[in-house]
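In: Quick one: sequence and predicted model below, then my questions.
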Amino acid sequence: MPQLGRRLRSLRFLQSLRFTFGLAPTGFAASRETGDPALEHALAGPATLCGIPRRRVTVYRHPFVARKRPGSCPRCRAKAVDAPSGP
């Protein structure tokens with residue numbers, strides 16, 4: 001159980017930094033390519049992070065999760081993890 005307490009303290013510390021500096025993780029909308037819904041992609045503006053144009057994807061109302069999951073695009077996942085935080 002001591003590890004759980006350490007994790008909670010570090011999470012609280014990170015949340016306090018976010019509040020202090022006004023930074024939040026960048027979020028991306030989840031989307032799937034129209035006609036080929038095998039992989040979930042991260043949509044950022046006019047295209048997905050891996051380069052598929054917005055007109056060729058169906059956008060969903062839930063956020064893209066950058067965890068390693070069997071149904072997510074590996075290129076979008078890598079770019080989502082590397083995305084900078086924003087205000």
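Out: Yep, that arrived.
In: and the end-to-end length of stretch 39-57?
Out: End-to-end span of stretch 39-57 (CA to CA, to the nearest Å): 11 Å.
In: which residues touch that stretch?
Out: Stretch 39-57 has contacts (CB atoms under 8 Å, 6 or more residues apart in numbering) with 28-34, 59, 64, 66, 69, 71-73, 75-77, 79-80. Using the backbone N, CA and C atoms, a C-beta is placed for each residue, glycine as well.
In: Pull out the buried members of those.
Out: The neighbour count (16 or more other CB atoms under 10 Å) marks 28-33, 64, 66, 72-73, 76-77, 79-80 as buried among the contacts of stretch 39-57.
In: For my notes, please list these in CSV and give pLDDT, distance to Leu49 and secondary structure for each entry.
Out: Shown next, in CSV, are the buried ones among the contacts of stretch 39-57 (pLDDT from 0 to 100; distance: CB to CB, whole Å; DSSP: H, G, I helix; E, B strand; the rest coil):
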residue, pLDDT, distance to Leu49, secondary structure
Phe28, 88, 7, coil
Ala29, 89, 11, strand
Ala30, 91, 12, strand
Ser31, 92, 10, strand
Arg32, 92, 14, strand
Glu33, 91, 13, strand
Phe64, 88, 9, coil
Ala66, 80, 10, coil
Ser72, 90, 11, strand
Cys73, 92, 8, coil
Cys76, 91, 4, helix
Arg77, 90, 9, helix
Lys79, 89, 4, helix
Ala80, 87, 6, helix
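In: Noted, bye for now.
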